[in-house]
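Trainee: attaching a predicted model along with its sequence, questions to come.
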Amino acid sequence: MARIETLFAVRGLAAVVTGAASGIGLAISEAMAANGAKVTMSDREEEKLNAEVARLRDDGLSVRGVVADVTNASDLQRLFDETVAADGRLDVVFANAGISGGPGFLRTDNSRDPDTAFENIPADLWKRVFDTNVGGVFATLQAAIPHMKSQGGGKIVITSSISSMRIEQHVGTSYVASKAAVGQIVRQAAIELARYNINVNAIAPGPAITNIGGGRLKDAEVRAPFERLNPMHRIATPQDMQGAALFLASPASNYVTGIHVVVDGGFLLGLAD
Ligand SMILES: NC(=O)c1ccc[n+]([C@@H]2O[C@H](COP(=O)([O-])OP(=O)(O)OC[C@H]3O[C@@H](n4cnc5c(N)ncnc54)[C@H](O)[C@@H]3O)[C@@H](O)[C@H]2O)c1
């Protein structure tokens, strides 16, 4: 019988979440742990990570913290080795850590910003964004896949973005380009890994209120154009991503691979009233 308790079950699963100290990664960790998964929360920010892990533990959830930078392959090796040593398995990996590339070529009042014009994008910003958003996903998958292959399967969920599918005038070009690359990693890895019973999917959030980009979307003025353009006239919260995360981690998505679950309030559809 297809009951929600079994179809969407994540109880007992060993999960790793990168970028888990804040925003979407924290919300995913909470949703997984609140439903009985054993969650290894990982982040490069040690203090924030420890504080969130302690808070969730106080709530009685099964979480642990491992400090790791996704741009460092040996950190990731240690992260997955420690998880498998502790839990005996690696069922689900949320490759979520990512950074902003700053504002886009249009300011929020739709005027041009010379500082963010293509020819003025700092090369070191471009490199940092690609190292984290693309290199970090690449290295996370490289470290996780051998464990999943040797145990006969697993689920990989990458936090992509609607920036992987459309141009975004208010979002930095390096970010949009990096998420386009992530979109192809999802599809390419999914087709390669299907025969090993490893599902690779993505969550594609629209703009969400988190700490990304210095938390700029917490500012109502910065948020306003995104809200105006959204058919629901609000932008996402991290909690809006929890349903997609549980779906992609649970048996409900066993025959789903290579897709993006878009969670954007209808933004990709276009303008409404
Ligand atoms: N907030 C949005 O509008 C939005 C929209 C679409 C996609 N996303 C994606 O969601 C993901 C999570 O971002 P968020 O919005 O929750 O931001 P956030 O800044 O609130 O959280 C990101 C976390 O990742 C960590 N992190 C950054 N670089 C890291 C690294 N090299 N190694 C380990 N940890 C690292 C940060 O310390 C932080 O705790 C990112 O991939 C982002 O691109 C966000």
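Mentor: That came in fine, so what should we check first?
Trainee: show me what from the chain comes close to the ligand.
Mentor: With CB under 6 Å from any ligand atom as the criterion, the chain meets the ligand at residues 18-19, 21-25, 43-45, 69-71, 96-99, 132, 136, 159, 161, 205, 207-208, 210-212. In short, each C-beta sits where N, CA and C put it, glycine included.
Trainee: swap the cut-off to 5 Å and go again
Mentor: Contact residues (CB under 5 Å from any ligand atom) of the chain with the ligand: 19, 21-24, 43-45, 69-71, 97-98, 132, 159, 161, 205, 207-208, 210-212.
Trainee: buried subset of those, written for PyMOL?
Mentor: Buried members of the residues of the chain next to the ligand, defined by 16 or more other CB atoms under 10 Å, are picked up in PyMOL with:
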select buried, resi 19+21+22+23+24+43+44+45+69+70+97+98+132+159+161+205+207+208+210+211+212
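Trainee: so which of the residues of the chain next to the ligand belong to strands?
Mentor: 43, 159, 205 (DSSP state E).
Trainee: next, format the residues you listed as JSON lines and append distance to residue 271 and pLDDT.
Mentor: Output for these, formatted as JSON lines (distance: CB to CB, whole Å; pLDDT from 0 to 100):
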{"residue": "43", "distance to residue 271": "37", "pLDDT": "99"}
{"residue": "159", "distance to residue 271": "26", "pLDDT": "98"}
{"residue": "205", "distance to residue 271": "19", "pLDDT": "98"}
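Trainee: would you turn those into TSV with distance to residue 236?
Mentor: Below are these laid out as TSV (distance: CB to CB, whole Å):
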residue	distance to residue 236
43	20
159	12
205	6
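Trainee: where does residue 90 land in three-state SS?
Mentor: Secondary structure, DSSP: H, G, I helix; E, B strand; the rest coil: residue 90 is coil.
Trainee: thought it was touching residue 16?
Mentor: Yes. Assessed by CB atoms under 8 Å, residue 90 is found in contact with residue 16 at 6.7 Å.
Trainee: got the CA coordinates for the one helix or strand residue 74 maps to in PDB?
Mentor: Using DSSP states H and E, residue 74 sits within helix 73-87. What follows is helix 73-87 as a C-alpha-only set of coordinates in PDB (Å, rounded to 0.1, in the frame of the first residue of the first chain):
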ATOM      1  CA  ALA A  73      39.000  17.500  -1.900                       C
ATOM      2  CA  SER A  74      40.800  16.100   1.200                       C
ATOM      3  CA  ASP A  75      38.200  17.800   3.500                       C
ATOM      4  CA  LEU A  76      35.500  16.000   1.500                       C
ATOM      5  CA  GLN A  77      37.200  12.700   1.600                       C
ATOM      6  CA  ARG A  78      37.400  13.000   5.400                       C
ATOM      7  CA  LEU A  79      33.700  14.100   5.600                       C
ATOM      8  CA  PHE A  80      32.400  11.000   3.700                       C
ATOM      9  CA  ASP A  81      34.900   8.600   5.400                       C
ATOM     10  CA  GLU A  82      33.800   9.900   8.800                       C
ATOM     11  CA  THR A  83      30.100   9.600   7.900                       C
ATOM     12  CA  VAL A  84      30.500   6.000   6.600                       C
ATOM     13  CA  ALA A  85      32.600   5.100   9.700                       C
ATOM     14  CA  ALA A  86      29.900   6.500  12.000                       C
ATOM     15  CA  ASP A  87      26.700   5.400  10.200                       C
END
